[in-house]
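**Student:** everything below, folded, please.
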Amino acid sequence: MIAYLVRGIFTILLLPWVQLLYRVQKLDRHHVPKEGGVLLLSNHVSYIDAFIIYLSCPRPVRFVILDNYMKVKPIAWFLRLFGCIPIHPKRAREAIDRTVQALKEDTVVCLFPEGGLTRTGVLGELKKGFEIIIRKSECTTVPVYMDGLWSSIFSFERGAYFKKLPRGLTCPLQVAFGEPITDPKKATTATVREGILMASHRAFCARPSLQNSLSRHIITNLRRKGNRAFYSEVDHKITTSYSRREMLELALRFRAQVEEVTTQEDIAIVLPRSPECQALQLACCLANRRVTLFPHSEDQTELRKIGLSIGKENIQTVITDQAHEAFVTEYAQVAKLRVYTVENLVERHGSAFQLTSAIKSRFLPVHTLASKGLVHPLDWTALRLWDPENPAELIELSERQIISNALQITGSHFFQLDERILCESSAASIHAQFMGMWGPLFTTATTGSRKKASRKREESLPTAIGSLSPTLLVGSRENYAEIGSHSSLGSIPYGILFSPDGPAFLDLTGDGIAPCPVVGGWSDKGGVLSLSRTAPDLEGGVNHQPQAGAKNNSVGRALPGTALRTQDDALFYLPPWREATAESWIRFPDETELDDEGFLFLPEGRA
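**Tutor:** Residues are numbered from 1 along each chain as shown. Take a look at the predicted model:
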């Protein structure tokens, strides 16, 4: 009775503070049966997971935990107070019997089937022990997913537990309870994984940040730590860097120019990946214009295809550089086509105009600067990418899709907050968009590249690496082949390969690719779906099991918020920018495999 009263008082006192700091959204709590034994199976992200689930569940919860955690003083008192069930990995029979007995007493028990805290930020391998517990107790199983805890100081985000400052005053969380599994025979590791991932989709889609327009995100994020470098471009021995504040100022100047030269909704950009290209893209978003990005090609055949595509889409405004101005005009064959060069737009920026933009970027309220970006709904197509492999069909990205995928990429161990990214892929490629632009924009990471004209000089690569000090190399197979195996690459911790022609190219030792380790990633249907990273290290990790960040021939693990399921021997996925309907699921290439640890393996030649 005393313990019951203490738990009640504790809940009453703690709940307001947790709600204030974490703004917990409790989703689908009706999926937890009102009576009978219930086993909650949840992802395990931080040291406060038990607090969050206890305060989110409509019924009192007991937790199954490794007895090692009883030695962690900050949480041991809580574990004892709330009747946690300590187990030892080497005494499995005793652990199962204790849990089964608790469930037969019609209590709610929570178990973290990963067996430990994730250090990757995504769902890992589920241990099979819970299957025996469910069969013996004949209880109902409810998958649970906690979204947002990776950003807390209690997770392994930024490579450490506790020893870091909070990222903000609040850390919004979403706790989703999945569809209950009432048949004990159907509660397998495969079905529970699917249930947890489906709950992750539900929780991710409830993030408050997904309700804001892309314009607001652009302004808010570029203002954050405005003096930090956002994009650096190396031209031989000269490095041009734009801070986050300077990028916002440049985007606002370009926005004014875009609004002045055209009233058309659609604008095409034919530029290499560069600070000006990114600023123009941001400017068009702020000006409420739809951007169609084309690769900055020197191939005459591809230029002709680009021109035909511009004509087919009836795009009447094109921004390119002086080197491509004549080609675009010749091949587009569009009546009243207006072609502007980025050099001319830059020349329009007088000193007074630049000063005005600087003042606006620093002092005007966000809603004032972003008001023009609030006209369209979030499902409006804000960006289109031209794929040379399929020039007849543009890849369309809505504002919701851009925001969701950027938050996915930056919401796990795969993308660090202070990452320094070297990416020289075409600006029209999906991975360059999200890894080289939107990912850095939604964090405080830095991106960079060599100026296109200098990439053919062999000495430019070590100069760029010395100037940028990249922590991550991102590119396609063609990019890696162009870069080669220069010894200067050995200073880069690792690289991610987005390869369209087969995962056999991957080699974690880097042999045949580059002196740095290279792991896999995959993009499809206008977004980055999966990523890998070298194994997350943990110094002095006595209580923690080893965790893999990558596997040979794998394109990595699905990002947070993406649901996976198997149906009729085929694997499907549901990204968070799609609603959870039967028609929204996207089928993987045939023979795609998902292993027990959550790593995806695509058939050779289809990655």
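**Student:** what helix or strand is I496 on?
**Tutor:** Applying DSSP states H and E as the criterion places I496 in strand 494-498.
**Student:** now that strand: average pLDDT?
**Tutor:** Computed over strand 494-498, the mean pLDDT rounds to 88.
**Student:** quick check: V258 is in a strand.
**Tutor:** No. Judged by DSSP: H, G, I helix; E, B strand; the rest coil, V258 forms no part of a strand; its state is helix.
**Student:** which non-adjacent residue is nearest it?
**Tutor:** A287 (4.9 Å; Cβ to Cβ, 6 or more residues apart in numbering). All C-beta atoms are positioned from the backbone trio N, CA, C, and that covers glycine.
**Student:** look up the residues forming beta bridges with the closest residue to E265 other than its chain neighbours.
**Tutor:** Excluding the flanking residues, the one nearest E265 by Cβ to Cβ, 6+ apart is R290, at 5.6 Å. Beta-bridge partners recorded for R290 (DSSP bridges): D266.
**Student:** list the contacts of R290.
**Tutor:** For R290, the contact set (Cβ atoms under 8 Å, 6 or more residues apart in numbering) comprises 265-267, 284, 381-384.
**Student:** any idea how far the residue nearest to V258 lies from Q281?
**Tutor:** 11 Å (Cβ to Cβ, to the nearest Å).
**Student:** neighbour-wise, which of these two wins?
**Tutor:** Neighbour totals were compared for A287 and Q281, and Q281 leads with 26 against 22 (other Cβ atoms under 10 Å).
**Student:** how is this structure partitioned into domains?
**Tutor:** 2-206, 210-408+424-435+448-453, 471-607 (automatic domain parsing).
**Student:** and those as CSV, adding distance to D418?
**Tutor:** Output for the domains of the chain, formatted as CSV (distance: least, Cβ to Cβ, whole Å):
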stretch, distance to D418
domain 2-206, 8
domain 210-408+424-435+448-453, 9
domain 471-607, 8
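**Student:** of all these, which one is nearest E459?
**Tutor:** Minimum separation from E459 across the domains of the chain (Cβ to Cβ) falls at domain 210-408+424-435+448-453, 8.1 Å.
**Student:** first vs last residue of the closest one, how far apart are they?
**Tutor:** Terminal residues of domain 210-408+424-435+448-453 are spaced 39 Å apart (Cα to Cα, to the nearest Å).
**Student:** before we move on, what about stretch 359-376?
**Tutor:** Stretch 359-376 end-to-end distance (Cα to Cα) = 27 Å.
**Student:** chain center to the strand or helix carrying T220, what's the gap?
**Tutor:** Element membership for T220, per DSSP H and E: helix 214-223. Taking Cα atoms, centre = their mean, to the nearest Å, one finds helix 214-223 lying 17 Å from the centre of the chain it belongs to.
**Student:** just stretch 240-248 next, same as before
**Tutor:** Centroid separation for stretch 240-248 versus its chain: 23 Å, with Cα atoms, centre = their mean.
**Student:** now the nearest residue to P603 once chain neighbours are set aside, what's its secondary structure?
**Tutor:** Excluding the flanking residues, the one nearest P603 by Cβ to Cβ, 6+ apart is E591, at 4.2 Å. Taken by three-state DSSP, the conformation at E591 corresponds to coil.
**Student:** about what we covered before: the strand holding I496: partners in the sheet, and parallel or antiparallel?
**Tutor:** Strand 494-498 has these strand partners (DSSP bridges): strand 472-476 (parallel), strand 518-524 (parallel).
**Student:** circling back: how much space separates the residue nearest to E265 from L394?
**Tutor:** If you go by Cβ to Cβ, the gap between R290 and L394 works out to 11 Å.
**Student:** anything in contact with each of these two?
**Tutor:** R384.
**Student:** now do the end-to-end distance for stretch 499-517.
**Tutor:** End to end - Cα to Cα - stretch 499-517 spans 15 Å.
**Student:** what count of nearby residues applies to A160?
**Tutor:** Residue neighbour count, defined by other Cβ under 10 Å, stands at 12 for A160.
**Student:** for the one 5 residues further on, same thing?
**Tutor:** Residues near L165, counting by other Cβ under 10 Å, number 7.
**Student:** grab the nearest non-local neighbour of it.
**Tutor:** I153 (7.5 Å).
**Student:** tell me which element that neighbour falls in.
**Tutor:** Counting by DSSP H and E, I153 is part of no helix or strand.
**Student:** quick one, phi/psi of it?
**Tutor:** When read as degrees, to the nearest 10, the backbone of I153 gives phi -70, psi -10.
**Student:** can you name the residues that contact it?
**Tutor:** Contacts of I153 by Cβ under 8 Å, 6+ apart are 161-162, 164-166.
**Student:** now intersect those residues with the strands, please.
**Tutor:** Using DSSP state E, no member of those falls in strands.
**Student:** can you pick the most crowded of those?
**Tutor:** So for the contacts of I153 (other Cβ under 10 Å), the most neighbours sit at Y161, 19 neighbours.
**Student:** still on that earlier bit, run through who's touching the strand holding I496.
**Tutor:** 425, 429-431, 435, 472-477, 480, 489, 505-506, 513-514, 516-523, 531-534.
**Student:** what's near enough to touch the closest residue to A453 other than its chain neighbours?
**Tutor:** Excluding the flanking residues, the one nearest A453 by Cβ to Cβ, 6+ apart is D235, at 7.4 Å. The contact partners of D235, by Cβ under 8 Å, 6+ apart, come to 450-451, 453-454.
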